[in-house]
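Trainee: Let me see the structure of the following:
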Amino acid sequence: MASSFPIERIRNIGISAHIDSGKTTLTERILYYTGRIHEIHEVRGKDGVGAKMDSMDLEREKGITIQSAATYCVWKDTNINIIDTPGHVDFTIEVERALRVLDGAILVLCSVSGVQSQSITVDRQMRRYKVPRLAFVNKMDRAGANYARVGAQLGEKLGHHQVMMQVPIGAEERFEGIIDPIIGKAYYFDGENGEHIREEEVPAEYAEATKKARHDIIEGVANVDDLLAEKFVHDAPISSEELKAAVRRATIALKMTPVFCGSAYKNKGVQLLLDAVSDYLPNPSEVVNEALDQKNNEAKVVLTSDPEKPFVGLAFKLEDGRYGQLTYLRIYQGHVSKGDFIYNQSNQRKVKVPRIVRMHANEMNDVEETYGGDIVALFGVECASGDTFTDGTVNYTMTSMFVPDAVISLAVAPKERTGQANFSKALNRFTKEDPTFRVHRDEESAQTIISGMGELHLEIYIERMKREYGCEVVAGKPQVAYRETITQRGEFAYTHKKQTGGSGQFGRVCGYLEPLPPDAVQHDEFVDDITGGSIPREFIPAVEKGFREALKKGSLIGFPVTGVRYVINDGASHAVDSSEQAFKTAALMAFREGYDAAKPVILEPIMKVEVQAPEDFQGSVVGQLNQRRGTILSTENREGYVVAVAEVPLNSMFGYSTDLRSATQGKGEFTMEFARYSPVPKAEQEAMMKAYREKLLAERK
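Mentor: Predicted coordinates:
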């Protein structure tokens, strides 16, 4: 139970990486060595059991992690709460929400592929939430493994100040063990599953390399830690304890990344990584967590893990379990016991805590109470992802996580009329669980539209509806989330006049539209430059409302308009006939007038695509990307594989996985993530506008 561990011995960590770097295998080994599971199953296991942390059938079949799974284990005298996060970019929200509540992380890298596109995304997310991390270079047993090269890439591609903490004994099929240069010992992992650690003296042929590695560690840490620098400059002797303390200080201060190595699959190096989690990652009290005090103008309040202070917790993930909604809660301050009343700060509702459990993947262990620093799950507590809970004595909220915009939509409907109820239930549940999965009804076509982060994202949800709700779904052609914008300044001066017996409607709005800079293409701005009261102050909000209304639907193809600054600088009103409604309509029509003059264009989402395939297929990989209007950014050859990075319009990427497989005999794989919006080529824009006009005409008939 949580309370038996002092806060100094608690670690809340996440394991994240590029897809297929072996992080679920690593978690599996961690659970085995800490006694949480008693046998090891592989991710794509022949035994059909699959990895413990991939508890969904779909995860086991596809061999990927879809939902972040939470578990906890005890290593020596440290309680480690672990969240295993997906590497696939379509499930990026799972990584966001895990990092939001974690104190530290392990960034897993493949010793052959090194820093890949998804490693860059995960690293960006870690920076966003200021999460200290260790790097673990996995798969040291594979042909082409190179610990030093991957360490160098951390510096070159991610801008880390990396410090190599170990010396591998051999590599590839001759990878035998690991040397810890700080204490000058070699470690070997014996037994069927590497569970017996044998400590030996450093082999003679590695003596020089070990000595150099210790010197490099001291120098690397001294560059970012003043206390150690003082000793280093004066050539004073540095003990192992002093060096470890300096590594810990610099890691927690986000000034360096310690790099470790091993092979989770071959059971080598995982226990040393667990020691590093205890030694170098922060406990909950060493991380600054802030809340906003709603009673005091959203002033920032630093939360402490003190159990006597008012309770504050953040619901960071929801799951529909066998017994109703399971709410994952990170406790930041105070404590909460079974039977307590807690308050949801988003709606001020008071709820009773009927049951508290600690999760071990899909199993649960009951606890009576829980304290600051813990990660637990509650049953029967209704809320949304990102809600803050308190004990009611304070009115704090915690900033929620960053939620990226959806880039792809599908029209969906249940195959059978009888499936309608389950269809609605499934959509309700999925939108509560996953903030990047959105559902809306298109009033014009009366269709249900689901939107998400990519084809795989939506595919998984359609498959889950079939499996978990027995509801077969018919899906339309995927629809890209286009946007419209303007390319030059456009003036407007519009008068809205209507006389209908009695009081009429009158409002005049003048000003101009102009494009925002390219980096702000997903934003918009409303500027009030009215002087001398030509539009009375009380009608300005109505003008802004009209502008916001106009943004929802551009005139080219009916998609939202972004990247526009709307400036009003003149107008006129009537003592009797002016009203909010009149000014809202005037602003809307004025926008359309200015929009037509501002040379509007259609924007499409451009994806950053990274393809990896054997070198023999380099020609067809590059050829396929070019065919799809792709711009090749880089190609490099690594260990018999070609890695091509390109920017490709999302609209051209549908069906790419099938084409890639057939062109590479099933050996090619790719990942993609949203990069930016960019104008659609002229010919294509004309065709899209023509199709939109025809659709409107057909609807009017």
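
Trainee: Which SSE is immediately downstream of the lowest-mean-pLDDT helix or strand in the chain?
Mentor: Every helix and strand in the chain was compared by mean pLDDT, DSSP states H and E; the lowest is helix 57-62, with a mean of 47. The element immediately downstream of helix 57-62 (helix or strand, assigned by DSSP states H and E) is strand 69-75.

Trainee: That following strand: partners in the sheet, and parallel or antiparallel?
Mentor: Each strand paired with strand 69-75, and its direction, by DSSP bridges: strand 78-84 (antiparallel).

Trainee: And the average pLDDT for the strand it pairs with is what?
Mentor: Averaged across strand 78-84, pLDDT comes to 82.

Trainee: Over to stretch 559-576?
Mentor: Taken as a whole, stretch 559-576 has a mean pLDDT of 91.

Trainee: same deal with stretch 242-251?
Mentor: On average, stretch 242-251 scores 95.

Trainee: and Glu549, how many residues sit next to it?
Mentor: Around Glu549 there are 14 other residues, counting by other CB atoms under 10 Å. The way it works is simple: take the backbone N, C-alpha and C, and place the C-beta from them, glycine included.

Trainee: Low-confidence bits of the stretch 401-550 of the chain, can you list those?
Mentor: Within the stretch 401-550 of the chain, the segments meeting pLDDT under 70 span 401-402, 443-445, 500-502.

Trainee: And the strands in it?
Mentor: Listed in chain order, the strands of the stretch 401-550 of the chain (DSSP state E, counting those that start in this stretch) span 408-414, 438-442, 447-452, 473-475, 479-480, 483-486, 490-498, 505-515, 524-528.

Trainee: To Lys682, which of those lies closest?
Mentor: Closest to Lys682 of these, according to CB to CB: strand 483-486, at 14.7 Å.

Trainee: same for the closest one, what does it pack against?
Mentor: Here strand 483-486 touches strand 505-515, strand 600-614, going by 3 or more CB pairs under 8 Å, 6 or more residues apart in numbering; DSSP states H and E.

Trainee: out of those strands, nearest to Arg638?
Mentor: Per CB to CB, nearest to Arg638 of those: strand 600-614, 8.7 Å.

Trainee: Buried residues, that closest one. List them.
Mentor: Neighbour counts over strand 600-614 (16 or more other CB atoms under 10 Å) mark 600-613 as buried.

Trainee: Tell me the first helix or strand C-terminal of that strand.
Mentor: Assigned by DSSP H and E, the successor of strand 600-614 is helix 618-627.

Trainee: Quick one: mean pLDDT over that next one.
Mentor: Helix 618-627 comes out at a mean pLDDT of 93.

Trainee: For that helix, list every residue counted as buried.
Mentor: Here helix 618-627 shows Gln618, Ser620, Val621, Val622, Gln624, Leu625 as buried, counting by 16+ other CB under 10 Å.

Trainee: which residues touch the second one?
Mentor: When contacts are counted by CB atoms under 8 Å, 6 or more residues apart in numbering, Ser620 is found next to Ala663, Thr664.

Trainee: what about stretch 191-205, how long is it end to end?
Mentor: By CA to CA, to the nearest Å, the extent of stretch 191-205 from end to end equals 25 Å.

Trainee: now that stretch, how far from the chain's geometric center?
Mentor: Relative to the centre of its chain, stretch 191-205 is centred 38 Å away, using CA atoms, centre = their mean, to the nearest Å.

Trainee: Check stretch 170-185 too.
Mentor: 34 Å.

Trainee: swap in stretch 288-298?
Mentor: 24 Å.

Trainee: Convert the C-alpha atoms of it to CSV, please.
Mentor: Below are the C-alpha coordinates for stretch 288-298, written out as CSV (Å, rounded to 0.1, in the frame of the first residue of the first chain):
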residue,chain,number,x,y,z
VAL,A,288,7.2,21.5,-9.1
ASN,A,289,3.5,21.1,-9.7
GLU,A,290,1.2,24.1,-9.9
ALA,A,291,-2.5,24.7,-9.7
LEU,A,292,-4.5,27.8,-10.5
ASP,A,293,-6.5,29.3,-7.6
GLN,A,294,-10.0,30.2,-9.0
LYS,A,295,-10.8,32.3,-5.9
ASN,A,296,-7.8,34.4,-6.4
ASN,A,297,-7.8,35.4,-10.1
GLU,A,298,-6.1,32.2,-11.2
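
Trainee: Just the mean pLDDT for that stretch, thanks.
Mentor: If you average the pLDDT over stretch 288-298, you get 81.

Trainee: what does stretch 264-279 give?
Mentor: On average, stretch 264-279 scores 94.

Trainee: what about dumping the CA coordinates of it to PDB?
Mentor: Extracted in PDB, the C-alpha atoms of stretch 264-279 (Å, rounded to 0.1, in the frame of the first residue of the first chain):
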ATOM      1  CA  ALA A 264      15.100  -6.200 -22.900                       C
ATOM      2  CA  TYR A 265      14.400  -9.200 -25.200                       C
ATOM      3  CA  LYS A 266      17.600 -11.000 -24.200                       C
ATOM      4  CA  ASN A 267      17.100 -10.000 -20.500                       C
ATOM      5  CA  LYS A 268      20.300  -7.900 -20.200                       C
ATOM      6  CA  GLY A 269      20.600  -4.600 -18.400                       C
ATOM      7  CA  VAL A 270      17.000  -4.100 -17.200                       C
ATOM      8  CA  GLN A 271      17.900  -4.400 -13.500                       C
ATOM      9  CA  LEU A 272      20.600  -1.700 -13.900                       C
ATOM     10  CA  LEU A 273      18.100   0.600 -15.500                       C
ATOM     11  CA  LEU A 274      15.700   0.100 -12.500                       C
ATOM     12  CA  ASP A 275      18.600   1.100 -10.200                       C
ATOM     13  CA  ALA A 276      19.000   4.200 -12.400                       C
ATOM     14  CA  VAL A 277      15.300   5.000 -12.000                       C
ATOM     15  CA  SER A 278      15.700   5.000  -8.200                       C
ATOM     16  CA  ASP A 279      19.100   6.800  -8.300                       C
END
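
Trainee: Show me what counts as buried in stretch 167-185.
Mentor: Going by 16+ other CB under 10 Å, stretch 167-185 has these buried residues: Val167, Pro168, Ile169, Ala171, Phe175, Gly177, Ile178, Ile179, Asp180, Pro181, Ile182.
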